[in-house]
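S.K.: How does the following fold in three dimensions:
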Amino acid sequence: NPEIDPYIPVNYSPLTIEKKNRDKTALRDQLLLRQDFKPIVSYVGRLDAQKGVHLIRHAIFYALDQGAQFVLLGSSPDASINADFWQLKNHLNDNPDVHLELGFDEELSHLIYAGSDMMIVPSVFEPCGLTQMIALKYGTVPIVRAVGGLVDTVFDRDFSNKPIYERNGYVFHQIDHDAIESAMSRAIGLWRDFPGEFYKLLVNGMKYDYSWNHSGGKYLEIYEYIRHK
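M.R.: Next up, the predicted model:
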């Protein structure tokens, strides 16, 4: 919860969302990223086939091509994937717009959620998914693949049938480079060209109730409906 999180320098809420920029500055300072007017795209999680590792890798370079910065925090149980990302880290080490942190650091993960503008979750399959819900709570716009729990919690800003105030991110369907590029391009474009609309989108995510209070209410409605049939 960014309102009380002890691991981020500045706490904030939907009503004080401008304070999130100070966490973005702190994230850049800690990871030695360039202080610049650019969005930060991030990934936090495991690096494996289920999580769409080939799309994660591609997203790093696409974000840089689009004038964004990229932060990754993760590791893999697969030695070959780990080796590939260590090689990638060394290759990008002198780039001031990217930081790959291979391993896991609980405190850093909080700062990444707070300091990022967007977070990718390009899973091949995802029964539930917590990353996108944490991102939403921290006002970080999720870019997710339309699968499992991701598509149940993230509603595309441009194409969802949900009311505009419930739309909270970007969704893509195919497991290929073009699909994630399209979603990332829409997100980065909104951040750059329509910042007011981007802030409305992230506040939508912060305000939505994904707690068991909300789910429990839905279950009660179903139970009452069945009971009176």
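S.K.: What residues sit buried inside stretch 162-179?
M.R.: By 16 or more other CB atoms under 10 Å, the buried positions in stretch 162-179 come out as 167-172, 179. All C-beta atoms are positioned from the backbone trio N, CA, C, and that covers glycine.
S.K.: Tabulate these in JSON lines, adding columns for secondary structure, distance to R46 and pLDDT.
M.R.: As requested, these are exported to JSON lines (DSSP: H, G, I helix; E, B strand; the rest coil; distance: CB to CB, whole Å; pLDDT from 0 to 100):
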{"residue": "R167", "secondary structure": "coil", "distance to R46": "28", "pLDDT": "95"}
{"residue": "N168", "secondary structure": "coil", "distance to R46": "23", "pLDDT": "96"}
{"residue": "G169", "secondary structure": "strand", "distance to R46": "20", "pLDDT": "96"}
{"residue": "Y170", "secondary structure": "strand", "distance to R46": "21", "pLDDT": "97"}
{"residue": "V171", "secondary structure": "strand", "distance to R46": "21", "pLDDT": "97"}
{"residue": "F172", "secondary structure": "strand", "distance to R46": "20", "pLDDT": "95"}
{"residue": "A179", "secondary structure": "helix", "distance to R46": "21", "pLDDT": "97"}
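S.K.: want to throw these into CSV with distance to D117?
M.R.: As requested, these are exported to CSV (distance: CB to CB, whole Å):
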residue, distance to D117
R167, 17
N168, 14
G169, 12
Y170, 12
V171, 17
F172, 18
A179, 20
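S.K.: Isn't R167 up against L201?
M.R.: Yes - between R167 and L201 there is a contact under CB atoms under 8 Å: 6.9 Å.
S.K.: Can you pull the residues that touch both of the two?
M.R.: Common neighbours of R167 and L201, using CB atoms under 8 Å, 6 or more residues apart in numbering, are R157.
S.K.: quick one: low-confidence ranges for the protein?
M.R.: 210-229 (pLDDT under 70).
S.K.: Now do the helices in it.
M.R.: With DSSP state H as the criterion, the chain has helices at 20-31, 53-65, 79-91, 106-115, 131-137, 148-153, 177-193, 195-207, 212-227.
S.K.: Of those, which stretch is the most buried?
M.R.: Stretch with highest mean neighbour count among those: helix 131-137 (a mean of 23; mean count of other CB atoms under 10 Å).
S.K.: CA atoms only: put that helix into PDB for me.
M.R.: Listed in PDB are the C-alpha atoms of helix 131-137, where the atom choice follows Å, rounded to 0.1, in the frame of the first residue of the first chain:
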ATOM      1  CA  THR A 131       2.100  -8.500 -10.000                       C
ATOM      2  CA  GLN A 132      -0.600  -6.600 -12.000                       C
ATOM      3  CA  MET A 133      -2.700  -6.000  -8.800                       C
ATOM      4  CA  ILE A 134       0.200  -4.700  -6.900                       C
ATOM      5  CA  ALA A 135       1.100  -2.400  -9.800                       C
ATOM      6  CA  LEU A 136      -2.500  -1.100  -9.900                       C
ATOM      7  CA  LYS A 137      -2.400  -0.300  -6.200                       C
END
